[in-house]
Structure formats: C-alpha cells, structure tokens
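Participant: Provided below are the primary sequence and the corresponding predicted coordinates.
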Protein chains: 2
Amino acid sequence: MFTGLCAFPLTPFNHHVVDETAFAHIVTHLVDAAVDSLGVLGSTGSYAYLSREQRMQVVRQAKSHAGSVPLMVGIGAVGTDQVLRLADDAQRAGANALLLPVMAYQPLSDEEILTFYQTVCRHVSVPVCVYDNPVTTHISLSDELKSAIAALPGIASIKIPGPASHEVAQRVQSLRRQLPDGVSIGISGDACAADGLNAGCAVWYSVCGGLFPNVAQEIVAAATRGEAQRAMAISARLEPLWMLFRKHGGSLRVIAAAATILGICAEDCLPRPLLPLSPEAFSEIAETLRSLNLQ
Amino acid sequence: MFTGLCAFPLTPFNHHVVDETAFAHIVTHLVDAAVDSLGVLGSTGSYAYLSREQRMQVVRQAKSHAGSVPLMVGIGAVGTDQVLRLADDAQRAGANALLLPVMAYQPLSDEEILTFYQTVCRHVSVPVCVYDNPVTTHISLSDELKSAIAALPGIASIKIPGPASHEVAQRVQSLRRQLPDGVSIGISGDACAADGLNAGCAVWYSVCGGLFPNVAQEIVAAATRGEAQRAMAISARLEPLWMLFRKHGGSLRVIAAAATILGICAEDCLPRPLLPLSPEAFSEIAETLRSLNLQ
C-alpha cells in the first residue's frame, strides 16, 4: 500500500465535535476516485488535537467508507504508552498500516527515539510508516537515525518532508542509498511532490490529494509513466495553491478553508486552538480554486 | 499562593504505572518542609506523557497529602477541548490554581494563542499561571503577547524560563513594567533562580525544590530578606547540580536519577519514551549529591 497516491483527508469539526457527515463526504469522494490508499489522522487529520475517543470515531468512520482502499492511521502521541493504546484501537478498527511520528516534549536522544520505534514495532502487527516532519513534531531525524529506524522489522515506508525543490532529487537519492530496499520513501510537502516522485519516491503522502484527488492522481500517473516533464507541468499549474500553503503557515488551514468554500465543511471546521483564516484569505482561496478549476 | 517557593515534584513511574508510594513520599516531604505551594504535573511532573486518567490519579493523590499547602496543577495539552476537560478534572480534585502552557503542533498565530488563554480563563474558576518554556512547548511568547495574556481576567502569575544569569535582572525588570501589577512573575530554570528572586520575581517555580525543599527555601528566604549576596552564594554552592542539569539536557532526568539514588523511586522511574540516564551518569549524580550534602 506504500505506492502511488496516499490521500490525507481533513478531520472536519463542527461546534467541537467531529463532523461525521463532512468526513464521510470527503472519504467517499477519495474512495470513488480510487486513490491508492487513505491516510487518516495525519497532521491534516488533526490527530494531535483529538481525544482517544475522537480518534477511534474517525478510524471507524473511515473504515466503514474505505471499501477495498487500504487505510493508514496516524497514532502519534507524546507518551509511548498512549501510542500503544492508539495502535491497539486503530488495529481493532481495521487499520491496514500505521503512521508513526515521534513527538518531542522533553528533547529526546537518538537512543530514546530508536527505542520508541522499536517498542511500537514489536507491539503492532500491521506495517508502520515513519512520519518525519520537524515543523510539527519538533524532532529532526538524522539520516543515520532514519536508517536505523527503517531497518527495524515492521517499518515499511518513510514519509519525508519536502526540501526546497532544487534539493529534492539529491535528497531522495541519498536517502535511498541509506535505507533498506523494502522500505519505500514517500514525499510530503505537496509543492515538491512532482520533484519527489520524479526522483524515485514510490508514494506521495498528499494533503492536496485528500481533497482534490484527481489532479493529484494526474501528477502521480505522469511521474509513474516516466513523463517527468508532464508531472512538473501539472504541479507548476498548481503553484497558486502551493503559494497559499506557504502564505498561511502550511497546508492545513488552506485546505480546511477550501473544504468550506466547496460546501463540504462548516465555516469553522478546525479544532481549537486553530482558528479559521480571515474572510480576506477565504476570498483569495476561493478565487484561486476557481482559477485552477478545483471546484 | 504565587509567592515564595513553589515546589514541582516528579511523577515517578514504576513499570508503566504511576508509583503512588514514591509520589506520596515526595509530596509528604515537601508538605513537611512547609513549601509555599506545590506544582504537580508541570514538566517535572511529566504531564505531557500521562493519560487523562493518570493525571487525575496524580492530582487526587497530591491533594490527599497536601494538607493546607496550596496545590497548582498543570493542565497542558495540544487541543483546547482536552485542556478544558483537564481543567475540570483538576478543579474537581481540589486544585487551587492551574498551570497552563500553550503547546505547538501546527505553528500558532498570536491571535490563536491569546484566544486559547481567553477560552480557558473564561472556563475555569481558580487562578491561572501562564507557563512559558519554548524548549518544551515549542512556542515563543513575545513580551507583547505575554502582556496581553497577563491582562486577561483570571491570570495570576507567569512562569518564565531562566535566561542567561547576566540577563536575568534586565529581563525581569523589563517584563515587570509590561505586566499588570497583580500578576506575579515567577522564575524557573533553577540555576538562575537566585538572580530572578533578587531581581524581583515573587516566586521560584522550582525543580530542585521539588526534591530538596530545604536548600531551595534557604535561597528564597535569603532573597526575601534582601540578602541578595547570600542567595547567590547558596545558589553558587549548588553549581555542580546546575552543571548536571545542563549536561543532561535539562533537569528532569537528573532529578529522577537523584530520587532513585535517594531510594525514593525505582531505578527506571521515567515515563517512556524517556530513558533513565546511564550508570556512569548515575554515579556522577550520586557523587554530586554526596558532595553537596543533598542526601
């Protein structure tokens, strides 16, 4: 399941509860589009803001709509015991894979991080994808540590953040040499996904693909056919969207606004303390969606 | 309750559960020493690694041993709704004040941070102390934002991290001018507590004082009597302890090792993913405790 387009849906909220109707709408749209896999409760799925019960609710809902599409579930938490319980919950609800960040409160040593991944991998029975994104987890994994983690039995993939476009190819190739063959590298950071796929990433862990699966699939298909220029051209056309991601401190608030503009989610669909963007930002996003035909 | 020595006890673990015997021992020792207040479930109390149920267990235990010593309870979590539930739990269990960090997962805007504090302050009925420590929360509060938060009804104190020693006086005085009079400034970062108290901090939010209350009280008493040099001299004598804090990435792992060495806690008393320090570090800490007569 760690190839192609892994679509990361939002977990939309409405008045402090998970908006099941909106979530079902989003997941069903992705399943109808035949994405290669679903990645719920990633950063786009706001896992860090949800209670254990809410996370269970999201996984059950996702599974009930996923049909035959493989389901990856984020199980991130600060404490290891919490992570193990979330892994149990996710597996019981039918997760086909787990997405595992290591989150920093106290700064952690490499030994603590490796032991953490070891503990979780020994505990679970489905494959694990390593989540690497220092912007949210506040942990930077060196290539040496990534390679030690990737060698653990049970690790199937690693989700890397997008470096600057001109560095993607070198970054992916260098990491590829250091990781076991069986562990796929997946690119996140939508703006450099085409670069990542062209450089040999097997999967795109995609925020944009969690709401707009068709255009994301076009990029993946082009890269997979070896049409690197075409993949780049489609991504370049989406530059106004990537620009909005950069402008608003990441993709989450923009994608949440887009889901609202499309009529899928409530106006205020982010979990607190996150606030919706300003009316001006909503207007700009609406205009961008129109101009890109993302409606 | 926001003056003098606020002692922050460890939450000791033993085989994945809270070690109630060890915790009772630590809290009782602090109450017997007549510390001015207790601060449970701070960073030293490992709040970020505990489940809601474990936090409730810790607050109930602390309250049952606190007698007339005021009890402040940390209620930090990434999601606002989780924080509100933790606040309810803590208040029901008898908390006299709440310690409130804002924790980053997605980067937060100043508006989001201020709204977060506003939401919690409106919800609770006991005074709130703002927890500021970018090393663990990954959020830096500007003085302007601190001042806006401190002006909210319900905010009673602000716990600031220790800057470099030579900057403490200027830092405290500059902040004092920007905060409402009724809001006390408390110093944390044990190594610069004497500087902070001498510069006008009303309270020391103390890790060292959570295990060694007597020596911490001597520093507070000297500073309170205006004997600045004497406060500095006692702190300087403890420099080998401050050096160990710096060497081992903060105070927590060192204080946990000290509690083990004193026979209060199990050998491995930290919640995972945190690992106990090496046998060599334990030896060095034991030697330091002996030389400082902290036994």
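Facilitator: Sure thing, it's come through. Numbering: from 1, shown residues only, chains lettered A, B, ... in the order given.

Participant: Please count neighbours and contacts with C-alpha atoms only from this point.
Facilitator: OK.

Participant: where's whichever residue of the stretch 51-200 of chain A sits closest to chain B relative to A:Gly162, distance?
Facilitator: The stretch 51-200 of chain A approaches chain B most closely through A:Gly79 (4.2 Å), counting by Cα to the nearest Cα. For A:Gly79, the distance to A:Gly162 equals 27 Å [Cα to Cα, to the nearest Å].

Participant: go on, A:Pro12?
Facilitator: A:Pro12 is 25 Å from A:Gly162, by Cα to Cα.

Participant: between the two, who's got more neighbours?
Facilitator: Between A:Pro12 and A:Gly162, counting by other Cα atoms under 10 Å in any protein chain shown, A:Pro12 is the more crowded of the two (28 against 21).

Participant: Looking at A:Gly162 now. What's its pLDDT?
Facilitator: Looking at A:Gly162, its pLDDT is 85.

Participant: hang on, it in a strand?
Facilitator: No. Counting by DSSP: H, G, I helix; E, B strand; the rest coil, one finds A:Gly162 to be coil, located in no strand.

Participant: Disregarding residues adjacent in the polypeptide, which is nearest to it?
Facilitator: A:Gly189 (4.6 Å; Cα to Cα, 6 or more residues apart in numbering or on different chains).

Participant: which parts of stretch A:77-85 are buried?
Facilitator: For stretch A:77-85, burial by neighbour count (16 or more other Cα atoms under 10 Å in any protein chain shown) applies to A:77-84.

Participant: Mind checking which of those residues are in helices?
Facilitator: Of the buried residues of stretch A:77-85, the ones assigned to helices by DSSP state H are A:80-84.

Participant: re earlier: which two of the buried residues of stretch A:77-85 have the greatest separation?
Facilitator: Spanning the widest gap among these are A:Val78 and A:Leu84, at 11.1 Å by Cα to Cα.

Participant: in the stretch 1-150 of chain A, which spans are helices?
Facilitator: For the stretch 1-150 of chain A, the helices defined by DSSP state H, counting those that start in this stretch occupy A:20-32, A:52-66, A:80-92, A:110-123, A:134-137, A:143-150.

Participant: which stretch in those helices is the model least sure about?
Facilitator: Minimum mean pLDDT among the helices of the stretch 1-150 of chain A: helix A:134-137, a mean of 93.

Participant: possible to save the helices of the stretch 1-150 of chain A as a markdown table with distance to A:Ser46?
Facilitator: Output for these, formatted as a markdown table (distance: least, Cα to Cα, whole Å):
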| stretch | distance to A:Ser46 |
| --- | --- |
| helix A:20-32 | 13 |
| helix A:52-66 | 10 |
| helix A:80-92 | 15 |
| helix A:110-123 | 21 |
| helix A:134-137 | 11 |
| helix A:143-150 | 24 |
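
Participant: just so I know, which of those lies nearest A:Thr224?
Facilitator: Nearest of the helices of the stretch 1-150 of chain A (Cα to Cα): helix A:20-32, 19.7 Å.

Participant: on that earlier part again, gap between the residue of the stretch 51-200 of chain A closest to chain B and A:Val69?
Facilitator: 30 Å.

Participant: before we move on, back to that, out of the ones in helices among the buried residues of stretch A:77-85, flag the one nearest to B:Glu227.
Facilitator: Using Cα to Cα, these come closest to B:Glu227 at A:Thr80, 45.7 Å.

Participant: now for the one helix or strand A:Ile158 maps to, which elements pack on it?
Facilitator: Assigned by DSSP states H and E, A:Ile158 falls within strand A:155-160. Helices and strands touching strand A:155-160, by 3 or more Cα pairs under 8 Å, 6 or more residues apart in numbering or on different chains; DSSP states H and E, are strand A:128-131, helix A:143-150, strand A:184-187.

Participant: Quick check, pLDDT for the residue nearest to A:Arg176 when sequence neighbours are not counted.
Facilitator: Nearest residue to A:Arg176, sequence neighbours excluded (Cα to Cα, 6+ apart): A:Ile185, at 7.5 Å. Looking at A:Ile185, its pLDDT is 97.

Participant: try the one 4 residues further on
Facilitator: The predicted structure scores A:Gly189 at 93 on the pLDDT scale.

Participant: ok, it to A:Cys6 distance?
Facilitator: With Cα to Cα as the criterion, A:Gly189 and A:Cys6 are 13 Å apart.

Participant: cool, and A:Gln106?
Facilitator: According to Cα to Cα, A:Gln106 and A:Cys6 sit 31 Å apart.

Participant: More neighbours: those two, which one.
Facilitator: A:Cys6 (31 against 21).

Participant: What residues are bridge-paired with the more buried one?
Facilitator: With DSSP bridges as the criterion, A:Cys6 is bridged to A:Ser37, A:Tyr205.

Participant: Isn't it up against A:Asp36?
Facilitator: Yes. At 5.8 Å, A:Cys6 counts as touching A:Asp36 under the criterion of Cα atoms under 8 Å.

Participant: tally of neighbours for A:Glu280?
Facilitator: Applying other Cα under 10 Å, we find 9 residues neighbouring A:Glu280.

Participant: Looks to me like it is in a helix.
Facilitator: Yes. Checked against three-state DSSP, A:Glu280 lies within a helix.

Participant: contacting residues for it?
Facilitator: Residues near A:Glu280 by Cα atoms under 8 Å, 6 or more residues apart in numbering or on different chains: none.

Participant: likewise the one 4 residues further on?
Facilitator: The neighbourhood of A:Glu284, defined by Cα under 8 Å, 6+ apart, contains no residues.

Participant: That one and A:Leu211: what is the separation?
Facilitator: To A:Leu211, A:Glu284 is 18 Å away according to Cα to Cα.

Participant: is chain B contacted by stretch A:255-264?
Facilitator: No. On the criterion Cα under 8 Å from any Cα of the partner chain, stretch A:255-264 is out of touch with chain B, staying 13.5 Å away.

Participant: Can you point out the buried residues in that stretch?
Facilitator: A:255-261, A:264.

Participant: and what of stretch A:271-287?
Facilitator: For stretch A:271-287, the neighbour count (16+ other Cα under 10 Å) marks A:271-277, A:281-282, A:285-286 as buried.

Participant: Relative to A:His29, which of those is nearest.
Facilitator: Nearest to A:His29, judged by Cα to Cα, of the buried residues of stretch A:271-287 is A:Ala286 at 19.9 Å.

Participant: Please, which helix or strand holds the closest one?
Facilitator: helix A:279-291.

Participant: circling back to that earlier point, wait, the residue nearest to A:Arg176 sits on A:Ser157?
Facilitator: Yes. Using Cα under 8 Å, A:Ile185 is in contact with A:Ser157, at 5.7 Å.

Participant: Looking at these two, which one has more neighbours?
Facilitator: Neighbours per residue (other Cα under 10 Å) separate A:Ile185 from A:Ser157, with A:Ile185 holding more: 28 against 25.

Participant: burial count for A:Ser164?
Facilitator: Rather than Ser, residue A:164 is Ala. By other Cα under 10 Å, neighbour count at A:Ala164 equals 12.

Participant: just A:Lys247 next, same as before
Facilitator: 12.

Participant: same question, A:Arg290
Facilitator: Residues contacting A:Arg290 under the criterion other Cα under 10 Å number 11.

Participant: okay, it: pLDDT?
Facilitator: pLDDT, read off for A:Arg290, is 98.

Participant: Same question for A:His166.
Facilitator: Per-residue confidence (pLDDT) for A:His166: 84.

Participant: And the one 5 residues further on, by the same measure?
Facilitator: Predicted confidence (pLDDT) for A:Arg171: 93.

Participant: Please name the nearest non-neighbouring residue to it.
Facilitator: A:Arg171 sits nearest to A:Pro163 (Cα to Cα, 6+ apart), 7.8 Å away.
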